[in-house]
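*Asks:* predicted structure and sequence below. I'll ask about it afterward.
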Amino acid sequence: MKLNPKLPLIGVLTAIAIIALASTLLPPQEDFNPSNPYWNGLMEFTKIASPSIIDATTYKPDPKTTILFVIGPSINITESRVEAWRRYVEDGGILVLMDETGSINHALEIFNIKVRVNGHVMLDPVFYYNSWRIPKITDFRDDKLMGGIREIAMDIPSILEVAGEVRGLRILAYSSSFSFLDLDGNGEPSTGEPSGPFPVAVEVKYGGGSILLFSDSSIFINGVIGLGDNIQLLKNIMGGRVAVIDSGVWLKTPQSKLREYVLTVYKVISTTEIKYSLILVTVILIYMLTGRVGVAEVRDEVEELMSKHPDWDRRTLEMLREARGRYEQ
Amino acid sequence: MNLKRNLNIIILILIIILPLITFLMISYFMYIPTPLKIIHVNPSTEASRLPPPKHLVQLILNPFAVMLGGNFSKVPLELRALELAYIPSNLRYIIDRFIQLMNDVSNHLDSADKLMDNAEELIGVGRGVEAKPLLMEASMELASANLTCRELRMALGELTRSFNIPYYDVYLKLNELDNLINNMYRRMMSLLDRIEGQGKLIETSISIDAEPKTSWTGGRITVRGILYASSEPLPNRNVTVIVEGLKTFKAITCGDGSFETKIDLPYIYKPTITIQAKYTPMGIDSEKYKPSISNKVEINLMYIEPKIKIIQIPETVLPGKTFEIKGNIISAEQIPYGEIKVSWINQAFNVKLGDDGFFEATLYTPGEIPDGRYFLTVEAPASSVFAPAKEALSVMVKRMPISLSIDIPSSTLAGLSTTISGSFKAGEEYFNATVKAYFAGNEYTVESSGSFTITLSIPITIPSGYQTVKLYITPRNPWISEATYEKNILVVNPLTIIASIAITVILTIKTFRGRLITTKQTMEAERIVEYGRGGEVRRVEVEFTPKEYRWLIDLYWEAVEIVSKMTGIAMEPHMTMREYLSATASKLGKLSWCFETLTSAAERALYSTKIPEPIISKAKDALEDLRRGA
């Protein structure tokens, strides 16, 4: 018994097609993915802000009309990236840095801004949503950016440390006086642990633009954006600009990488020349396939002969065909 | 056949499913460690946890503290903190009830306090009758506060139990609140007593007059009056004269109850002021006489009102540049001061006045302020009878617009570069500026002093279509506005167009050439068959012949035509090759071997796929012999 040699190729191609389709249709699950509809994604943010997803090292958004979000870096930030951010801000862009791990401090150091993300967890035992780890911020100091906001929710934030007088710096929000920095990580206030109020959001004027720094990356994730006035906060800080997210600071899973490739291919296919060529090719392929089916249908030689010579002996013809087959082998 | 087909399908399914499963496993189950761990949790899955009792106590006691301090208006602010604190939804009603009761108590006590203050003021001037209804109202408020306080006690009992708060601290505050209500009640009673007591006192009355009725501000007037107690003059008593409700002067009544005092009026720049006198019994008099307040006397004040007039000011001013203003102060009398104050965008400075009251100043507009209207104020100070003067003008700060002339091609080819050029000026002024262009994700910057040229390189990777080029012109001079310009350029990518057209053309040619060849071959075969027999059968035979041997059939049918002419025997449709050979063999004579060789070769071409080379060459020779023989 001989198997069709084309089978593996057909199988692999079909599998690739299905995987490509599945990777695009199945929602991604990683943190901050703009297409992730689960609690840790940014789908709600995307619905509200309609951001463009870019890599700041390869694409510079228009600084005058955009606001660049850097949300929860999960890989180390390179100097070239910080340099791209710096040029963007100097030319009038607004850069929003959101981080609780302290990984953004490297960028702040290059910017020469004397504000740091502490990196330790800040908990609030009085003003919170459900758990001390989701503090509620109610102390705002700026009418322009914090106008119309009564409370914002954070998700295991850290705090900001401002070293002395920083030129052009404005503290936008503080945690409550009950909040504390959980240095020992036991989730409870312990002796020697600093207590609030702590700065959690600042604005620093830099060049022609400004940098907004938040000590929490999760303010706009799906699970948190609906709490408090977080949506209003997003609208306030956007202030009519076009949102742009730097996705170059996130570690991508194989699925999201594949998804990106598929979407890139789709984007390429959507270009004018490819699109119309594909339509033509499809028409031709359909024509070819239908043609082949037609030929295949009349290819049985015995049937053909029998239809032409009904008086001929079918058995003899079949025997002849078998004999020829044996001879050919 | 079926077994083979089924096996193929199974293998195909396996080939498809295995990579799919692998993909799903990787995507959903494999943990990929990240160098930096993002810290967050799903808020909806977090377990609910109460705030620690010690913090809750603090939030509950704070409103009590401000209330007990008499600062009733601050109570809602303190309660707001408790409202914002995390309270599980099943316990929220307890806190809401507490907040509501605290607000009620606070409002009642605040109202009672204000009513008693008003009443006390009226009693102070002997108008106890008017004060009485106020105190009745205050009494109702205190009663309501007292009742609410009892409810509050119960609510706090439930609150302390539900939140495990030590009751003792709260209990103390409740007792203090009770004391506060009692004290306020006592105050009210004492005010009522005072009203009651005033009923037994001798009525007093005080009346005043002042001269002159018209005076310069800061001038001196004489206030005369008389104080009576039950129609009897009240001598040697202190009387307070109040000017415009603010400044007070003392006077002592004479033996006939009259008093006179000369008052130096304060420098008030109002057309009319009021003078009133008040008698407040002191010491032993307070147990004998009722206090009283006099009639109001109006005094017309005279003063000089200088007018500031700004004569010269530009309609619009430019940021980063200075501008001049000129003006004067018009006054009926010589102005006693030599400077006025000019304020312009966070700057204030004194400007000297000329002898004729004229002034001029050069003002600088900061370069960083945005366009818009700003107030320029000129202020003259108050000086004795000269009232202060102020003139505020709204001045438009507006940068000069840039006139642009930009030349951008409407289309270009990908992979090449294109040049955009332009010039700019503000009015007739050429200036230095930074020109930035954004195109296809790239930024181009040039410094220019009026005209510029930028070469845009169009990446070969850009697909055909419209791309936007954005230009930003940022002048160095702050008084010139920034300018932006946008235009779409049609980018044609020959590479992608050629590639896609080529693929389409190749595919088309391949498809249709196959069809054309097939059609051509079929026609050729039919043509060959036409030599011998009628259409249908020949076509079938040709189709059953391998392509490479169809020419042999051609030879055979040519041979049949020759043989038919030589022998006069036509090949009938029912005749097989062999039948026709045996029918003609005897008449062909020596040439019969030729036709036999051709027949044999044609049979092989029809019924086999392989014909040995000697037979093919023999067949060719045989046909040549037949042709010669014919």
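*Replies:* Right, received. Where do you want to start? Remember, it's a predicted structure, so these values are computed and weren't measured experimentally.
*Asks:* check what pLDDT the residue in chain A that chain B sits nearest to gets.
*Replies:* Among all residues of chain A, A:G11 sits closest to chain B, at 2.6 Å; criterion: C-beta to the nearest C-beta. Backbone N, C-alpha and C define where each C-beta goes, glycine included. Reported pLDDT at A:G11 in the predicted model: 75.
*Asks:* so who does it touch?
*Replies:* Contact analysis of A:G11 by C-beta atoms under 8 Å, 6 or more residues apart in numbering or on different chains lists B:11-12, B:14-16.
*Asks:* ok, those residues vs B:Y185, which is closest?
*Replies:* B:I16 (88.8 Å; C-beta to C-beta).
*Asks:* residue ranges for the helices of chain A, please.
*Replies:* A:7-25, A:43-49, A:79-90, A:105-111, A:143-146, A:222-225, A:230-238, A:254-269, A:272-297, A:301-308, A:314-328 (DSSP state H).
*Asks:* quick one: residues contacting residue 87.
*Replies:* Assuming you mean chain A. Shown in contact with A:R87 (C-beta under 8 Å, 6+ apart): A:K60.
*Asks:* not quite, go with chain B.
*Replies:* B:I95.
*Asks:* would you say it is within a helix?
*Replies:* No: using DSSP: H, G, I helix; E, B strand; the rest coil, the secondary structure at B:I87 is coil, not a helix.
*Asks:* list phi and psi for it.
*Replies:* With angles defined as degrees, to the nearest 10, B:I87 sits at phi -130, psi 120.
*Asks:* what's the answer for the one 4 residues further on, then?
*Replies:* Torsion angles at B:L91 (phi, psi; degrees, to the nearest 10) stand at phi -110, psi 0.
*Asks:* apart from its neighbours in sequence, what residue is nearest B:M577?
*Replies:* B:T599 (4.9 Å; C-beta to C-beta, 6 or more residues apart in numbering or on different chains).
*Asks:* mind telling me what element the one you found is part of?
*Replies:* B:T599 belongs to helix B:592-607 when elements are defined using DSSP states H and E.
*Asks:* buried residues in that helix?
*Replies:* B:592, B:594-606 (16 or more other C-beta atoms under 10 Å in any protein chain shown).
*Asks:* closest one of those to B:N90?
*Replies:* Of these, the one sitting nearest to B:N90 (C-beta to C-beta) turns out to be B:L606, at 95.5 Å.
*Asks:* contact partners for the residue of chain B at minimum distance from chain A?
*Replies:* Residue nearest to chain A within chain B: B:I15 (2.6 Å; C-beta to the nearest C-beta). Counting by C-beta under 8 Å, 6+ apart, B:I15 touches A:7-8, A:10-12, A:14-15.
*Asks:* can we see that at 6 Å?
*Replies:* Residues counted as contacts of B:I15 (C-beta atoms under 6 Å, 6 or more residues apart in numbering or on different chains) are A:8, A:11.
*Asks:* pLDDT of the strand or helix carrying it, averaged?
*Replies:* Assigned by DSSP H and E, B:I15 belongs to helix B:2-28. Averaged across helix B:2-28, pLDDT comes to 68.
*Asks:* can you check stretch B:298-309 too?
*Replies:* Stretch B:298-309 comes out with an average pLDDT of 92.
*Asks:* care to break chain A down by domain?
*Replies:* Under the assignment automatic domain parsing, the domains of chain A span A:32-252, A:271-328.
*Asks:* next up, the contacts around the most centrally placed residue in chain A.
*Replies:* Among the residues of chain A, A:N33 comes closest to the average C-alpha position under C-alpha atoms, centre = their mean, at 3.1 Å. By C-beta under 6 Å, 6+ apart, A:N33 lies in contact with A:G41.
*Asks:* burial of B:T148, as a residue count?
*Replies:* B:T148 has 22 neighbours, counted by other C-beta atoms under 10 Å in any protein chain shown.
*Asks:* so it makes contact with B:V105?
*Replies:* Yes: contact criterion C-beta atoms under 6 Å: B:T148 and B:V105 qualify, at 4.8 Å.
*Asks:* who in the stretch 351-500 of chain B is up against chain A?
*Replies:* Counting by C-beta under 6 Å from any C-beta of the partner chain, the stretch 351-500 of chain B comes close to chain A at B:438, B:441, B:443, B:463-465, B:496-497, B:500.
*Asks:* out of the residues you listed, what pair is the most spread apart?
*Replies:* Spatially, the most separated pair among these is B:E443 and B:S500, at 30.6 Å (C-beta to C-beta).
*Asks:* looking at the two, which is more packed in?
*Replies:* Neighbours were counted for B:E443 and for B:S500 using other C-beta under 10 Å; B:S500 has more, 22 against 17.
*Asks:* check which helix or strand the more buried one maps to.
*Replies:* Here B:S500 sits within helix B:494-529, counting by DSSP H and E.
*Asks:* any idea of the mean pLDDT in stretch B:89-99?
*Replies:* 90.
*Asks:* got it, and stretch B:598-606?
*Replies:* In this model, stretch B:598-606 carries a mean pLDDT of 85.
*Asks:* determine how far it lies from the middle of the whole chain.
*Replies:* With C-alpha atoms, centre = their mean, to the nearest Å as the basis, stretch B:598-606 stands 89 Å off its chain's centre.
*Asks:* for stretch B:477-494, same thing?
*Replies:* 26 Å.
*Asks:* and the end-to-end length of it?
*Replies:* For stretch B:477-494, the first-to-last residue distance is 44 Å (C-alpha to C-alpha, to the nearest Å).
*Asks:* what are the contacting residues of that stretch?
*Replies:* B:318-321, B:367, B:399-402, B:404, B:406, B:408, B:411-414, B:426, B:431, B:458, B:462-464, B:466-474.
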